[in-house]
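*Asks:* dropping the sequence and predicted coords here.
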Amino acid sequence: MSSKDQILKSVRNQLVPSADLPSLDQDWIQYDDAVAHFGEVLQAVGGTAIAVEGIDGLTEELAKIPAYTDAKKTVSCVEGLVGTVDLDRVEDPHELEDVDYAVLPGEFAVAENAAVWVTDAKIRHRVILFIPQHISLVIHCAGGKVEEAVVHNMAEAYQRLVWSRNEFGCFISGPSKTADIEQSLVIGAHGARSLHVFFVF
Amino acid sequence: MSAIKSYDHPTNANQFNQDQDRTHWHDSSLWFIREKRDRMSKSLPEWETLRSCASQIKAHTVSKLADYLEEFEKNATARGVQVHWAKDAEEHNQIVLEILRKHQAKRIVKSKSMLTEECHLNPWLEKHGIEVVDTDLGERIVQLRQEPPSHIVMPAIHLKKEDVSNTFHEHLQTEKGNNDPNYLTESARQHLRQKFCQADVGITGVNFAIAETGGFVVCTNEGNADLGVSLPKVHIACMGIEKLIPKADHLSIFLRLLARSATGQPITTYSSHFHGPVEGGELHIVLVDNGRSKIMNSDDYRNSLKCIRCGACMNTCPVYRRSGGHSYAATVPGPIGSILNPLRDAKHHKTLPFACTLCGSCSDVCPVKINLHEQLLTLRTEVKNQKQLPMSKTLPMRIASYVFQRPKLYAWLGGIGKFFLRTMPRFLIYNPLNPWGRHREMPEAPPESFRQQYAQRAKKKSDDR
């Protein structure tokens, strides 16, 4: 008998009392101002949230970030903004090792934990979400309203997600961090050293 | 600390306690995290609802685990994932090695995975000439020191920055005596970037696997799991069969609980959802039983399979905080480890159910409501029934039982006891035969026993009449 059959058989042979699934339709937390709450939590986890008007507003704000203006190698997957490297022409993701800054699309934000949902749907190499020294996530707000891009809690977040394609998806909340040395928080463990979230309305 | 070779928790704890300052420091470091967890849990009015939901989802999944495992395999396979089944640690290691051999892989980067620790994957791969680098900072520190992790979430919680500085100076040629955590973390970042870029295959654990979609989720703060598996073409994910949940929506419950319980963060920095391999690459999932199906059968211990490995029970445990993770001599230490390890290997881990004050704090903080302290109490009975208890514990109990059943003998011995406590010199009372008195004073002998007082009271009443 294969290991699969053995495991399934031994699992199936158990007398485990049946248990119903709970309802996920509960009174999950709602914030008076979800956008503001997102900004506060993001700040607490080491990131910065900024609302900007159109691509021009985005370019203007990016120009104020030294890590962006000093960057030699940049990647942009956001329409209207050009990087020094065209991701679609990169064959081997290892070539992205020395990217200084990446501006990448985010889909929506979650107020309760400052997470932004990102996927590799429009990104050829998903390592670009993790390997650059610094990252900005750009969320386009439907109807020009920032509130439309922010859900209150994770239950609402999962209602927005579909799993039909083989996409990689990730909730990113702030820059990469560690506290493995004496509980001292250090920003910039392996991934991004800084994270800006832009809401473009 | 790597010198600990005994399985006896009291012996190991005693060794840890030799350095009083360090013990206090360890205790307060963990309590600091426990307090952060408390603040986070109180920020959500629905905290208790989340815990109940999580507990119910896990109970339901275990009750239909075979069906969900089949559903998961079917959906994962449809996405181009290769699913493997391993009944024990050996088979798991063999499967991983075969995949690596097929790709002629020599260099592996691994993100934190308690399952691969449980299976002792690293030494097995090293024996076969493969370099395995743990990429979580804490794990890398203990790997360089050739120590096991002392905590499942914070593997190097037992070390001070001076220790890390010395280790890095020795292995990564960092500046001697530079203890700045920023500097040390930066050095590890540079060192591990090279390893990420050279790796042939990335190995990760799994936090949650979703039957409905055939996908799985890995949570890290550092981003090491993601860097490790998005540069190489091959990703191997190893998971215990209890990591399954039915639907993706259920993640909304678990991701809200996990990081808040573990480190007091609102969520981990990266919660990555893998559904299928990278373009032109391979994704393997190894489903491991290794004793889990046996635990399923027990009404007493089945709940322990709900564990999501947040480590909250360790951070709050008064024994763990003061004895250190290594004293448990097991991959998973603390309250949950004191259940899981004796269930797998009662002979070696028989002292663990006693490394507990039954205070119940672990059960209070557990995000999936495992009745940890109750299970620990039940396990003690089992250790006794298996005749694994030392004479020092069984003999006094037998004597006490004999005496308590004989009131006259009890009264007579009580009088003698009081007399001894009052008149004997200290060295006769506080000696190796009295382990209770090692750190504690014996109670003061009262001038009269309860019996004497009661008898006098009855006499007085009848005199009054």
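*Replies:* Structure received. Numbering: from 1, shown residues only, chains lettered A, B, ... in the order given.

*Asks:* next, count neighbours for A:Val162.
*Replies:* Burial of A:Val162 is recorded as 8 neighbouring residues (other C-beta atoms under 10 Å in any protein chain shown). Placement of C-beta: from N, CA and C, glycine included.

*Asks:* residue nearest the centroid of chain A?
*Replies:* A:Ile172 (3.2 Å; C-alpha atoms, centre = their mean).

*Asks:* my guess is it meets A:Phe130, correct?
*Replies:* No - A:Ile172 is beyond contact range of A:Phe130, at 9.2 Å (criterion: C-beta atoms under 8 Å).

*Asks:* now do the shared contacts for the two.
*Replies:* B:Tyr270 (C-beta atoms under 8 Å, 6 or more residues apart in numbering or on different chains).

*Asks:* quick one: secondary structure of A:Ala51?
*Replies:* strand (DSSP: H, G, I helix; E, B strand; the rest coil).

*Asks:* how about it, nearest residue that isn't a chain neighbour?
*Replies:* A:Phe199 (4.4 Å; C-beta to C-beta, 6 or more residues apart in numbering or on different chains).

*Asks:* next one: B:Ala156
*Replies:* B:Gly138 (4.0 Å).

*Asks:* kindly confirm my reading that the one you found is in a helix.
*Replies:* Yes - judged by three-state DSSP, B:Gly138 forms part of a helix.

*Asks:* can you pull the pLDDT of it?
*Replies:* Confidence at B:Gly138, expressed as pLDDT, is 96.

*Asks:* can you verify my assumption that it contacts B:Ser150?
*Replies:* No - using C-beta under 8 Å, B:Gly138 is not in contact with B:Ser150; the gap is 9.3 Å.

*Asks:* shared neighbours, these two?
*Replies:* Joint contacts of B:Gly138 and B:Ser150 (C-beta under 8 Å, 6+ apart) are B:Ala156, B:Ile157.

*Asks:* thinking again about what came up before, quick check: the residue nearest to A:Ala51 vs B:Arg309, distance?
*Replies:* A:Phe199 sits 35 Å away from B:Arg309, taking C-beta to C-beta, to the nearest Å as the criterion.

*Asks:* out of those two, which sits in the more crowded spot?
*Replies:* A:Phe199 (26 against 19).

*Asks:* give the contact list for the more buried one.
*Replies:* Here A:Phe199 is in contact with A:Val35, A:Ala49, A:Ile50, A:Ala51, A:Val52, A:Ala109, A:Ile139, A:Cys141, A:Val146, A:Ala149 (C-beta under 8 Å, 6+ apart).

*Asks:* quick one, strands of chain A?
*Replies:* Along chain A, counting by DSSP state E, strands occupy A:48-52, A:74-76, A:101-106, A:108-110, A:115-119, A:134-140, A:150-151, A:169-172, A:177-178, A:186-187, A:194-200.

*Asks:* and chain B, by the same measure?
*Replies:* Going by DSSP E, chain B shows strands at B:82-86, B:107-110, B:131-134, B:201-204, B:208-210, B:215-220, B:234-240, B:244-245, B:270-274, B:282-288.

*Asks:* residue in the stretch 101-250 of chain B with the shortest distance to chain A?
*Replies:* Per C-beta to the nearest C-beta, B:Gly223 is where the stretch 101-250 of chain B lies closest to chain A, at 3.0 Å.

*Asks:* just confirm that residue contacts B:Thr269, I think it does.
*Replies:* Yes - with contact defined as C-beta under 8 Å, B:Gly223 counts as touching B:Thr269 (6.7 Å).

*Asks:* overlap in contacts of these two?
*Replies:* Joint contacts of B:Gly223 and B:Thr269 (C-beta under 8 Å, 6+ apart) are A:Ser176, A:Gly191.

*Asks:* for the lengthiest helix in chain B, buried residues please.
*Replies:* The residue-count maximum for a helix in chain B (DSSP state H) belongs to helix B:20-42. Under the neighbour-count criterion of 16 or more other C-beta atoms under 10 Å in any protein chain shown, helix B:20-42 has B:Thr23, B:His26, B:Asp27, B:Ser29, B:Leu30, B:Ile33, B:Arg34, B:Lys36, B:Arg37, B:Met40, B:Ser41 buried.

*Asks:* does it reach chain A?
*Replies:* Yes - contact of helix B:20-42 with chain A is found when judged by C-beta under 8 Å from any C-beta of the partner chain, involving B:Ser29, B:Phe32, B:Ile33.

*Asks:* residues in contact with the first one?
*Replies:* In other words, B:Ser29. Contacts of B:Ser29 (C-beta under 8 Å, 6+ apart): A:Glu182, A:Gln183, B:Ile157.

*Asks:* state the distance from it to B:Thr394.
*Replies:* Taking C-beta to C-beta, one finds B:Ser29 at 37 Å from B:Thr394.

*Asks:* again with B:Leu413
*Replies:* From B:Leu413 to B:Thr394 the distance is 19 Å (C-beta to C-beta).

*Asks:* can you check B:Asp364 too?
*Replies:* Counting by C-beta to C-beta - B:Asp364 and B:Thr394 are separated by 31 Å.

*Asks:* gap between the residue nearest to A:Ala51 and A:Cys141?
*Replies:* A:Phe199 is 5 Å from A:Cys141, by C-beta to C-beta.

*Asks:* what do the two both touch?
*Replies:* Joint contacts of A:Phe199 and A:Cys141 (C-beta under 8 Å, 6+ apart) are A:Ala149.

*Asks:* okay, now B:Gln173: neighbour count?
*Replies:* What B:Gln173 shows, counting by other C-beta under 10 Å, is a neighbour count of 10.

*Asks:* for the residue nearest to B:Phe168 when sequence neighbours are not counted, phi and psi?
*Replies:* Nearest residue to B:Phe168, sequence neighbours excluded (C-beta to C-beta, 6+ apart): B:Thr174, at 4.3 Å. Phi and psi for B:Thr174, reported as degrees, to the nearest 10, are phi -80, psi 170.

*Asks:* contact partners for the spatially closest residue to B:Ile57 that is not a sequence neighbour?
*Replies:* In space, not counting the residues next to it along the chain, B:Ile57 is nearest to B:His250; the distance is 5.2 Å by C-beta to C-beta, 6+ apart. By C-beta under 8 Å, 6+ apart, B:His250 lies in contact with A:Leu24, B:Ile57, B:Ile210.

*Asks:* which stretches of chain A form helices?
*Replies:* So, for chain A - with DSSP H - the helices run A:3-12, A:34-44, A:54-62, A:66-69, A:154-159.

*Asks:* who's the residue nearest to the centre of chain A bridged to?
*Replies:* A:Val116, B:Tyr270 (DSSP bridges).

*Asks:* does chain A sit close to stretch B:45-53?
*Replies:* Yes - using C-beta under 8 Å from any C-beta, stretch B:45-53 reaches chain A at B:Pro45, B:Glu46, B:Thr49, B:Ser52, B:Cys53.

*Asks:* just those now: which is nearest chain A?
*Replies:* Looking across these and measuring by C-beta to the nearest C-beta, the closest to chain A is B:Cys53, at 4.4 Å.

*Asks:* export the strands of chain A as JSON lines, with columns for mean pLDDT.
*Replies:* Shown next, in JSON lines, are the strands of chain A (pLDDT from 0 to 100):
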{"stretch": "strand A:48-52", "mean pLDDT": "97"}
{"stretch": "strand A:74-76", "mean pLDDT": "97"}
{"stretch": "strand A:101-106", "mean pLDDT": "98"}
{"stretch": "strand A:108-110", "mean pLDDT": "98"}
{"stretch": "strand A:115-119", "mean pLDDT": "98"}
{"stretch": "strand A:134-140", "mean pLDDT": "98"}
{"stretch": "strand A:150-151", "mean pLDDT": "98"}
{"stretch": "strand A:169-172", "mean pLDDT": "98"}
{"stretch": "strand A:177-178", "mean pLDDT": "96"}
{"stretch": "strand A:186-187", "mean pLDDT": "95"}
{"stretch": "strand A:194-200", "mean pLDDT": "98"}
